[in-house]
Structures are given as C-alpha cells and as structure tokens.
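Peer 1: sharing a sequence plus its predicted fold:
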Amino acid sequence: MKLFGKKNETKLDQLDQAEKAVNKGLTGLLTKAFVGKEQMDQINSSIQNAKNATLASEGAIPEVATATVTAIQDTGQLVNYDPMVILQLNVMEPDREPYAYRMQTLVSKLQIPRVGDVIRLGANPADSSQFVYLGICG
C-alpha cells in the first residue's frame, strides 16, 4: 500500500510532476498569477535543463559533436545544488567547419568544465537545432 506516492518513481517522472504542478491546474494558475513571467520562464527552463541532464546521465541522448570551452559564466542559479552555467563553445561536428556556440546548461558540481576542456554534446530532444551538455570528454 503506497499512501504517499510511488516508491519506484524515476527522476523523469518527478520532473514531469513538477512541470505539471507549475503549469497546470489550480496550483499552476496561482503560480502564474503571483510569479512574474520572467520567473516562470526561469522555472520552466530549469525543469527542462534538469530533464535533459537526467536523460544525458542515463545515456539516452547520443553524442553528435564535441566542443572546446572558450569561456564559462555562472548564472547564480542552482538546481539540486548543481550550478546552471553559460558556456561559450567552439563546436566541432563531423563534416562541418568549427563554429562558435553559446548555451546555458546545468552541470554537475563534480564535473564543471574549465576553459580549454573538450566536452561532449548531444542533440536536444525538444529542439534538434540545439545541443545538450553530456559531460567532459575522457
């Protein structure tokens, strides 16, 4: 008998519930009424980044490119004590010239990339024109 939720709930299920609570129903309506649009966008962005990080850690997103970190900036946001950062990258895809790319992503505090590090990138499941951070190479 499970009185207070499911014991076998995955992290993605929990993130889906959080997204529904923020965006739908009475709770979502009240949240939208009392929280500004900018903060709602930040909340939804954080939830989406956490979903992408979970998929990446489970190996569900294939690697499509590598990139060299040219700059890193802290946004001041934390999700489960992991920082949200802005990465300036030099992306190297097969059969393409290297190009500059900027992305905001959630990184593990145990694997924060530094300038000069080579990182792995995957295709974003929600938008194939964007990348998902998969971690440091090597």
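Peer 2: Looks like it came in fine.
Peer 1: can you pull out the strands in the chain?
Peer 2: Under the criterion DSSP state E, strands of the chain are mapped to 63-79, 82-92, 99-106, 118-123, 131-136.
Peer 1: among the ones you listed, which is the most enclosed?
Peer 2: Mean neighbour counts were taken over the strands of the chain using mean count of other CB atoms under 10 Å, and the top value, a mean of 22, falls to strand 131-136. Bear in mind the C-beta positions are built from the backbone N, C-alpha and C, glycine included.
Peer 1: got a list of contacts for that one?
Peer 2: By CB atoms under 8 Å, 6 or more residues apart in numbering, the surrounding residues in contact with strand 131-136 are 52-53, 55-56, 61, 63-65, 67, 87, 91, 101, 103, 105-108, 111, 113, 117-125.
Peer 1: returning to what we had before: now the strands of the chain in a markdown table, with distance to Gly28?
Peer 2: A markdown table is the format used below for the strands of the chain (distance: least, CB to CB, whole Å):
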| stretch | distance to Gly28 |
| --- | --- |
| strand 63-79 | 20 |
| strand 82-92 | 23 |
| strand 99-106 | 23 |
| strand 118-123 | 29 |
| strand 131-136 | 26 |
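Peer 1: and these: which comes nearest Lys20?
Peer 2: Distance to Lys20, taken as CB to CB, is lowest for strand 63-79 among those, at 17.6 Å.
Peer 1: quick one, the closest one and strand 99-106 angle?
Peer 2: Comparing the axes of strand 63-79 and strand 99-106 via axes from the mean of the first three to the mean of the last three CA atoms, to 10 degrees yields an angle of 40 degrees.
Peer 1: could you say what helices and strands strand 63-79 packs with?
Peer 2: With contacts taken as 3 or more CB pairs under 8 Å, 6 or more residues apart in numbering; DSSP states H and E, strand 63-79 sits against helix 37-57, strand 82-92, strand 99-106, strand 118-123, strand 131-136.
Peer 1: quick one: the longest one to strand 82-92, angle?
Peer 2: Taking the same axes, to 10 degrees, one finds that helix 37-57 is oriented at 70 degrees with respect to strand 82-92.
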